[in-house]
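Engineer: Here is the input, now give the coordinates:
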Amino acid sequence: MPGYDFADQCPFCNAPWGDCLHVRLLIEWEADALMREAQAELGGGASADDPLLPDLEERIAPVRSADSSGN
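Structural biologist: Numbering: from 1, shown residues only. Here you go, the predicted model:
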């Protein structure tokens, strides 16, 4: 497939990156981690409905570096 690189596949199931459910799972874990960090910094006063917190879906969109080594 033109333009397809080894780095463009899921490291867990070898599907093209974004075509499997692993991406969604990683996004959910990242959202949970960001929420826990915000709660820890705010002393437990943060909630997912807090209008002052950024939209987590936008912050953790499935974006990755050019290759799997982080470059």
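Engineer: In contact with the nearest residue to residue 16 once chain neighbours are set aside, which residues are there?
Structural biologist: Spatially, and ignoring its direct neighbours in sequence, residue 16 is nearest to residue 9 (5.9 Å; Cβ to Cβ, 6 or more residues apart in numbering). All C-beta atoms are positioned from the backbone trio N, CA, C, and that covers glycine. By Cβ atoms under 8 Å, 6 or more residues apart in numbering, the contact set of residue 9 is 15, 16, 17.
Engineer: now do residue 12
Structural biologist: Neighbouring residues of residue 12 by Cβ under 8 Å, 6+ apart: 20, 22.
Engineer: what do you get for the one 3 residues further on?
Structural biologist: By Cβ under 8 Å, 6+ apart, the contact list for residue 15 reads residue 9.
Engineer: Specify the helix with the largest residue count in the chain.
Structural biologist: Counting residues, the longest helix found in the chain (DSSP state H) is helix 22-41.
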